[in-house]
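Asker: okay, here's the prediction I keep looking at, along with the sequence it came from:
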Amino acid sequence: MPSYLLGSQTVLDIAKNLDLPAERWLRAAGEKRINEDDLCVSAVVPMTVMHTIDMLIHDARKERRGNLAALGAMKRNAERFLGGFMQNERIIPMDHRIAERWGELLDMDLVFVDEDGATRSVGSAEKVELATASIGRDGRPFIYVERQQDDHLLIPSLVVECPFAFVQAVEAR
């Protein structure tokens, strides 16, 4: 059975609890008999997710936006969701093979396109996720669950399952 590595944005989208493609993919994973033990995250994902949410909360407070309750719920959802990974040892640590691939990726200028069409350079933490997915564990790469990007093709052994493509395929039936 293949193992899956959920990316930071996928986890953030699940924590939003808005029936986004990542949540729909996760629900379907159970229907496809993907075992919970086969769903993992990279060691950097909890830090990345919680930092992102904390920054959103900080900005909302600073700008006096009325979405603090929703952001608080998102933070609780993320803590609960990530807690399951921590309790079941499904957070994949960096080993020497992942570190070597990460070093290779640090030398690459990877560019991803956001939902709104804006391009951005891929940062160090996200490159750890990509390295973890492509190296995997026990000699088997993970299937990386994240929005598909053209530059994913530049990463050796990386296989991506895109929640957005999944939802499009389901809706096309």
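Answerer: That came through fine. Residues are numbered from 1 along each chain as shown.

Asker: what strand or helix carries the spatially most distant residue from the centre of the chain?
Answerer: Distance to the chain centre peaks in the chain at Arg64, reaching 28.9 Å (criterion: C-alpha atoms, centre = their mean). Secondary structure from DSSP states H and E places Arg64 outside every helix and strand.

Asker: distance of it from Val160?
Answerer: If you measure Arg64 against Val160 using C-beta to C-beta, to the nearest Å, the figure is 39 Å. Every C-beta, even on glycine, is put in place using the N, C-alpha and C of the backbone.

Asker: and what of Ile98?
Answerer: 17 Å.

Asker: mind checking which of the two has more residues around it?
Answerer: Between Ile98 and Val160, counting by other C-beta atoms under 10 Å, Ile98 is the more crowded of the two (22 against 18).

Asker: and the helices in the protein?
Answerer: Secondary structure of the chain (DSSP state H): helices located at 8-16, 21-31, 45-62, 68-87, 96-106, 124-135, 163-172.

Asker: format those helices as CSV; extra columns: mean pLDDT and distance to Pro2.
Answerer: Shown next, in CSV, are those (pLDDT from 0 to 100; distance: least, C-beta to C-beta, whole Å):
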stretch, mean pLDDT, distance to Pro2
helix 8-16, 97, 16
helix 21-31, 92, 11
helix 45-62, 96, 19
helix 68-87, 94, 17
helix 96-106, 97, 18
helix 124-135, 98, 12
helix 163-172, 90, 15
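
Asker: which one of these lies closest to Pro141?
Answerer: helix 124-135 (5.5 Å; C-beta to C-beta).

Asker: look up how far Trp102 lies from Asp19.
Answerer: Counting by C-beta to C-beta - Asp19 and Trp102 are separated by 33 Å.

Asker: which one of those two has more residues nearby?
Answerer: Taking neighbours as other C-beta under 10 Å, Asp19 and Trp102 compare with Trp102 leading, 20 against 11.
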